[in-house]
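Enquirer: fold the following for me, if possible:
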Amino acid sequence: MEIKINFKKVDTGKRRCRICGYIYDPKKGDPLRNISPGIYFEDLPDSWRCPVCKYQKWQFWIILEEPPIPEEKELLLDEN
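Expert: Sure, this is the predicted structure:
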């Protein structure tokens, strides 16, 4: 019996500009605009723009990824 488990993708906190592909990473912030590391994208001021192409915040997509796979690759199921 084969069982497939699908994991929901999770929000990485990163955002990608749909115009130029720039990625805002909250772990790095935006040093060009004095945005410290640790500032979430949603907490950036509304006046913040993409540092590459100058587009507005609403031009950014959420970057999702699958959670890490557990070390154990097999699950033991009780079929009783």
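
Enquirer: for the most centrally placed residue in the chain, grab phi and psi.
Expert: In the chain, the residue lying closest to the centroid (C-alpha atoms, centre = their mean) is residue 12, at 2.7 Å. The phi/psi pair for residue 12 (degrees, to the nearest 10) reads phi -80, psi -10.

Enquirer: also the one 5 residues further on?
Expert: Backbone torsions of residue 17, given as degrees, to the nearest 10, read phi -70, psi 120.

Enquirer: what's the burial count for the closest residue to it other than its chain neighbours?
Expert: Using C-beta to C-beta, 6 or more residues apart in numbering and skipping the chain neighbours, the partner closest in space to residue 17 is residue 50 (4.6 Å). Yep, even glycine has a C-beta here, placed from its N, CA and C like the rest. Residues within reach of residue 50, counting by other C-beta atoms under 10 Å, total 21.

Enquirer: quick one, what contacts residue 50?
Expert: 17, 19-20, 22, 56, 59-60 (C-beta atoms under 8 Å, 6 or more residues apart in numbering).

Enquirer: from these, which would you call buried?
Expert: 17, 22, 59-60 (16 or more other C-beta atoms under 10 Å).

Enquirer: these: which two are farthest apart?
Expert: For those, the farthest-apart pair by C-beta to C-beta is 22 and 59; their separation is 9.9 Å.

Enquirer: excluding its backbone neighbours, what's nearest residue 35?
Expert: residue 29 (4.4 Å).

Enquirer: fine by me, thanks again.
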